[in-house]
Every structure is written in structure tokens, then in C-alpha cells.
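K.L.:
Build me a structure from this.
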Amino acid sequence: MVDIIQKENKILRQIASNVLVSDITKSKIQKILADMSKTLDGQNDAVALAAPQIGISLRIFVVSGKLFNSDMSDLNTIKVQPNLFFINPVIVKMSRDKKFMDEGCLSVRPFYGKVRRATKATVEAYNEEGKKFTFGGSGLLANIFQHEIDHLDGILFIDKARDINEVP
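P.N.:
As a prediction, this is how the structure comes out:
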């Protein structure tokens, strides 16, 4: 597991670089994916992680497989589905319907706030095998897509949030 960098680190404010599709299956990128997955799995309260959060300015994020468990009421449940990797992700469709949702971040601990985001989003990306795919989601998953792509663009949720509070 690698360390998660915090909001003061300048890497979090950089626009991350695309990964060459031909490099996705090479050992360097595969190691980054493994490190991201292990780091994400080591956080009980986390559902996703972007590469810049571990100090790597590449356009990659991973969504925890536990998000797809039938019972999301307990984030400590055992992961049934594998983690999903999104390499060079692009939001290709977003709903006009937006709402405020509570949001936090592993790189902005211990704060949370309300961020207005589209309630549905569809992302086009490459997986860990270098295959292009499209994945749509609503609610929390749509929120995750927008939050993680913000990371890849050097934006933190606190830049958009209101009612920012510290977890007691």
C-alpha cells in the first residue's frame, strides 16, 4: 500500500497526463494499478481513488468493487466484485438534473461538504487490459465519476463544496 497524499501537495493541482494505450499492459502501468487497488482496498471508508492521490499524475482512477455489493449500507463488507479501472476517462454524457450530495475525499481528510453534481453520468475509458469501454451510473456512482475526473483535472471537491465541515 502506498501513501495517500494530502491537499497541500502540488500534484493534486496538476492536470494529469493521458496514459499511452500501448503502455497500459506494460509492467509500469500494471504496478500503478496494483498499488492503487491495494491502497483503495486498505481504506474502510473509500469507494474510489485517482492516481494523483498517490502522487502519480496520470489519468487513471479506480472504483471499489464493494460499491457493487448488494448491501451498500456497510462499506466494511467483503468485496464481491473486482475493482474497476478507468484509464484516460472522459465523461461522454451527463444528466441535466443535478443535486447536492455529501462528499469527502481521502486527500482532504477529515473534511466533507455538499457538492452539486449531475445525478447521472456516462464515462468512456480503457480498462486494465487496454480495452475501451463505456460505463454509466447514477447517484453515488455518477458522483464518483465526476469527483475522480475532477482529481485528474487538478480540482478538489473543496473547490466546489459548500457547508464544509470537519468529521468529529
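K.L.:
Which strand or helix spans the closest residue in space to Lys93 that isn't next to it in sequence?
P.N.:
Of all residues not flanking Lys93 in the chain, Thr122 sits nearest, at 4.0 Å (CB to CB, 6 or more residues apart in numbering). Glycine gets a C-beta too; all of them are placed from N, C-alpha and C. Using DSSP states H and E, Thr122 falls within strand 120-126.
K.L.:
Output the contacting helices and strands for that strand.
P.N.:
Judged by 3 or more CB pairs under 8 Å, 6 or more residues apart in numbering; DSSP states H and E, strand 120-126 is in contact with strand 84-94, strand 132-138, helix 140-152.
K.L.:
give me the number of residues near the residue nearest to Lys93?
P.N.:
By other CB atoms under 10 Å, 17 other residues sit near Thr122.
K.L.:
in the sheet, who's paired with it?
P.N.:
Lys93, Gly136 (DSSP bridges).
K.L.:
remind me, longest helix of this structure?
P.N.:
Among the segments of the chain that qualify as a helix by DSSP state H, the longest is helix 27-41.
K.L.:
All set, thanks.
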